[in-house]
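Participant: From the sequence below, what's the structure:
(one chain, ligands or ions: 2)
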Amino acid sequence: MARKQDKSLRELLRVAPGRRVALDDELADSTPGIEERDVATALLELARQQLRELQYKLYADGRFGLLVVLQAMDAGGKDGTIRHVISAFNPQGCHVTGFKAPSAEELEHDFLWRIHQAAPRRGEVGVFNRSHYEDVLVVRVDNLVPRPVWSARYAQINDFERMLVANDIRVVKFMLHVSRKEQRKRLQERLKDPRKLWKFDPADLQKRKQWNAYRAAYEDALAKCSTRHAPWYVIPGDRKWYRNYAVARILVETLEDLPLRWPSAEVDPKKIVIR
Ligand code: AMP
Ligand code: MG
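Facilitator: Ligands and ions are numbered 1, 2, ... in the order given. A predicted model of the protein is given here:
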């Protein structure tokens, strides 16, 4: 029963190639496919167990890698998703890379140079906390490069991701979508809680003022770069329980699609005696 319902989650949240999804408040607060928080929390636990097992086989098999891209506005839940979902993976086969504003050296290279270096190897899961998409988001909104430069990047990103997939690195991308109201609440929590204050970045307020420009940039990136080979999923993010459940389930489904197998033995166990 649960499985049947879960199966459709990917279809419910995937951005069809070329389709423009309106990143509005209603979507951020929705919970497609599941209504009860308790049920989602129980299913999250189950999904985490499945992720552990699937990753173990991915690692043993060694033929495929998985790249998970996380994008969101500030306080959108990227760190929380890593804590609650990605933590199911064994650190021995999982790398998380956060992308900040590029260093002087990185700026001397093409925008994908630092990205490609962080891509997972076969057998591993790589997680991007922000990604090459910043190069068509903050870079576009703040005019960090001329328009013809950033507008050419959508096709360059699609080509890059197609190349990864052709080389057995699967790519899934999550846009954790929170409403402006929820962002305000979370930024305020950071100010109130001494354990969260360190996360408060006054620059986030500037970005909050540019909300509509970011929204347009996100909607463009999703429409242009959700492809058959590297889909974007828009995850309603106002409710953390829904976000965690949805990301975990979609990762399970993605890994289940891989034809994973245990490597064939190099020895015949029947002929080995351990004394
Ligand atoms: P945080 O995720 O809170 O640690 O913030 C990282 C900051 O780095 C964000 O403000 C991003 O917009 C910024 N950033 C990431 N990638 C780029 C990029 N390619 N160009 C400019 N700024 C970037
Ligand atoms: Mg921040």
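Participant: If you count contacts, what does the lengthiest helix in the chain end up packed against?
Facilitator: Using DSSP state H, we find that the single longest helix of the chain is helix 37-61. In terms of contacts (3 or more C-beta pairs under 8 Å, 6 or more residues apart in numbering; DSSP states H and E), helix 37-61 is packed against helix 2-13, helix 240-256. C-beta here means a position set from N, CA and C on the backbone, and glycine is covered the same way.
Participant: got the buried residues for that helix?
Facilitator: Neighbour-count burial for helix 37-61 flags Ala40, Leu43, Leu44, Ala47, Arg48, Gln50, Leu51, Leu54, Gln55, Leu58, Tyr59, Asp61 (criterion: 16 or more other C-beta atoms under 10 Å).
Participant: again, but for stretch 121-131
Facilitator: The neighbour-count check on stretch 121-131 (16+ other C-beta under 10 Å) flags Gly123, Glu124, Val125, Gly126, Val127, Phe128, Asn129, Arg130, Ser131 as buried.
Participant: tell me which parts of the protein are close to ligand 1?
Facilitator: Phe99, Lys100, Ala101, Pro102, Arg130, Glu134, Asp135, Val138, Val139, Asp201 (C-beta under 6 Å from any ligand atom).
Participant: Now, of those residues, which are buried?
Facilitator: Phe99, Pro102, Arg130, Glu134, Asp135, Val138, Val139.
Participant: quick one on the thing from earlier: among the buried residues of stretch 121-131, which pair sits farthest apart?
Facilitator: Farthest-apart pair in those is Gly123 and Arg130; separation 24.1 Å (C-beta to C-beta).
Participant: Nearest to ligand 1 among the buried residues of stretch 121-131?
Facilitator: Arg130 (4.9 Å; C-beta to the nearest ligand atom).
Participant: The closest one: what's it in contact with?
Facilitator: By C-beta atoms under 8 Å, 6 or more residues apart in numbering, Arg130 lies in contact with Leu70, Gln71, Lys78, Gly98, Phe99, Lys100.
Participant: if you set the cut-off to 7 Å instead, what comes out?
Facilitator: Taking C-beta atoms under 7 Å, 6 or more residues apart in numbering as the criterion, Arg130 is in contact with Gln71, Gly98, Phe99.
Participant: Including secondary structure, could those go into CSV?
Facilitator: Shown next, in CSV, are the contacts of Arg130 (DSSP: H, G, I helix; E, B strand; the rest coil):
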residue, secondary structure
Gln71, strand
Gly98, strand
Phe99, coil
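Participant: And Thr254, how far from Arg275?
Facilitator: Distance of Thr254 to Arg275, computed by C-beta to C-beta, to the nearest Å: 44 Å.
Participant: who's more crowded, the two?
Facilitator: Counted by other C-beta atoms under 10 Å, Thr254 and Arg275 do not tie: Thr254 has more neighbours, with 18 against 2.
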